[in-house]
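# pasting the sequence and the predicted model now:
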Amino acid sequence: MDAKVAARPWLAHYPEGVPAEIDATSLGSLVDIFHESITKYADRPAFESFGKRLTYKEFGEIALALGSGLQRMGLKKGDSVAIMMPNVMAYPPIIFGILAGGFTVVNVNPLYTPRELSHQLNDSGARMLFVLENFCHTVAEALPELTTIERAIIVSPGDLLGLKGILINFVSRYVKKSVPAYSLAATMRFGQFLSFGREKPIQKADVSINDVAFLQYTGGTTGVSKGATLLHRNVAANLLQCEAWMRPFVTDTEHYSVLTALPLYHILALTGCCLFSFRVGALQVLVANPRDIGALVKTLETSKPSEVVLVNTLYNAVVQHPEASKIDFSHLQLCVAGGMATQAVVAKRWKELTGKAIVEGYGLSETSPVVCLNRLDIEEFTGSIGYPVPSTDVSIRSPDGEILPIGEAGELCVKGPQVMAGYWRRPDETAKVMTADGYLRTGDIAVMSADGMVKIVDRLKDMIVMSGLKIFPNEVEDVLVSNPKVLEAAVIGVPDPHSGEAVMAFIVRKDPSLTQAELRAFARENLTGYKVPKVVQFRDSLPKTNVGKILRRELRDEVVGKPPQ
């Protein structure tokens, strides 16, 4: 056997045409990619929102004007600019405008509380903030604690949508009344700022591949949010890795469209949808509110996307919607899942609905994000995260860093050009997640099979230990949601005086007749006795991130109490 394949067994199972390595620096910076795409694909549609489209040429002109505006505001190369909004039409050109101006993008969850917002803006040192007017009240509340923000640019949902946008803004403000009252000084409306930027051409910024492109803050699902420092070369390398994986299967991107429903401030949508689609010249259909499942289903029906990128909870919500069965999915070529574990029963229902298997992948904010992907030609859901992408090494390690044998569960560790430069101004935190030989410790427990395919077992911090026996919540949840009366499930460990920890399940019922006894009996039929939930609590809903990832930590804090800070 070839020595390289012996060390990296997944290479033998790569799709034909996918290289083992990519030239990580060949694309240059993200600014170089931007200029290439707006020239190469000038007349193609780039983005669609509420039925309105922008071509690559139109998009490029707007982004460059925004970059010029930032330069004219006195920002210096490398300064951070924050964006706080859902997937409205203004979001993508703001991203590229910041980058083209020579600055760093700080994506902010618009649902953050004032405390969370002030932490991220102060930590990143952001000097300016683009914010959707619906969330200006949060900024106003946080203002006394903000130490670096000099000006806010206020965006409306209908900006860049022409006459339709005026109607959308009117409905948002006066019919739905979704803009809470606020008072903010030092602000400018997006339209004013765009006009200001158009008054003078953008100055070419000397952006290198080693400059910081994004401060991508971790979701904070396991603690305080930290900024993953993603350089231009990290993200560009990941785009090349994804492109190498996709090219053998998708050759015509001129007529290719991607439904971008996950929020762009999340790394999966940012790279996997926005930046990647822009790189290959595809059309992106922006979904402003993926939690409105009825509207999401309608968009799937009307936009007829070639590709969807969703998380497990959204796939589940779509298949449960009564209108989903009426959709013609013949146009659908690729269904990608990430962000959280995809449950087998959800993948089965999706295949029955659409005829397409869910292609699961894996990544982190710290890895730009893609580490592993299933082959795009799979006919059935594999339950694994697939193979490491080109130029990526992974190993499964014990707590002391020892590389474990094939088939043994341990922490997944990653090395590749897409791995971050470190946590922003947190060398101590960076040191905690890096091994002595330069691998990133992901905090996820995984198993590698003999062919190099990787399967995530669970988060290291979520593992339950009962009388010395390890229980992985993902496995228990997977069984519980296979009960036809269960809509969603979350499992945590709670203190137990006899066994150290016990299994507790939180259930959202699909059928209100389901009882605790019935569910525990079902679990006993499918799980070893010690894995069966000792306590079952029914809920109307489960706490989730805005991406749809269930927050086990929040449930644990509620039941057990928050740990001391």
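Sure, I can see it. Keep in mind it's a predicted model, so treat the numbers as computed, not measured.
# please count neighbours and contacts with C-alpha atoms only from this point.
Fine.
# which strands and helices sit next to the helix or strand that contains Glu116?
Taking DSSP states H and E as the definition, Glu116 sits inside helix 114-124. Other helices and strands packing on helix 114-124, by 3 or more C-alpha pairs under 8 Å, 6 or more residues apart in numbering; DSSP states H and E, are strand 104-108, helix 136-142.
# now with 10 Å?
Contacts defined by 3 or more C-alpha pairs under 10 Å, 6 or more residues apart in numbering; DSSP states H and E place helix 114-124 against strand 80-84, strand 104-108, helix 136-142, strand 212-217, strand 227-231.
# of the ones you listed, which approaches Phe196 most closely?
Using C-alpha to C-alpha as the measure, strand 80-84 is the one of those that comes nearest Phe196, at 17.3 Å.
# for the closest one, buried residues please.
Ser80, Val81, Ala82, Ile83, Met84 (16 or more other C-alpha atoms under 10 Å).
# please name the bridge partners of the fourth one.
Going back to what we said before, that points to Ile83. Counting by DSSP bridges, Ile83 forms beta bridges with Asn107, Phe130.
# relative to Ser499, how far out is it?
Distance, Ile83 to Ser499, using C-alpha to C-alpha, to the nearest Å: 47 Å.
# the third one too?
Between Ala82 and Ser499 the distance is 47 Å, computed by C-alpha to C-alpha.
# now do the contacts for Leu440.
Residues in contact with Leu440 (C-alpha atoms under 10 Å, 6 or more residues apart in numbering) are 366-367, 394, 412-416, 419-420, 422, 430-434.
# what about the stretch 201-350 of the chain, any weak spots by pLDDT?
219-224 (pLDDT under 70).
# and what of the chain?
Where the chain drops into low confidence, which here means pLDDT under 70, it does so at 1-6, 219-224, 562-565.
# and it, what are its domains?
The record, using automatic domain parsing to delimit domains, assigns the chain the ranges 3-10+392-459, 30-40+51-207, 463-560.
# closest to Trp350 out of these?
For the domains of the chain, proximity to Trp350 was assessed by C-alpha to C-alpha; domain 463-560 is nearest, at 13.7 Å.
# now the terminal residues of the closest one, how far apart.
Taking C-alpha to C-alpha, the span from the opening residue of domain 463-560 to its closing residue is 16 Å.
# also stretch 180-188?
End-to-end distance for stretch 180-188: 18 Å, by C-alpha to C-alpha.
# same question, stretch 314-331
Stretch 314-331 has an end-to-end distance of 20 Å (C-alpha to C-alpha).
# go through it and flag the buried ones.
Judged by neighbour count (16+ other C-alpha under 10 Å), stretch 314-331 contains these buried residues: Leu314, Tyr315, Asn316, Ala317, Val318, Val319, Gln320, Ala324, Phe329.
# of those, which is the nearest to Thr260?
Distances from Thr260 to the buried residues of stretch 314-331, taken as C-alpha to C-alpha, are shortest for Leu314 (12.4 Å).
# residues contacting the closest one?
Leu314 is in contact with Ala261, Leu262, Pro290, Arg291, Ile293, Leu296, Gln320, Ala337, Val346, Val547, Gly548, Lys549, counting by C-alpha under 10 Å, 6+ apart.
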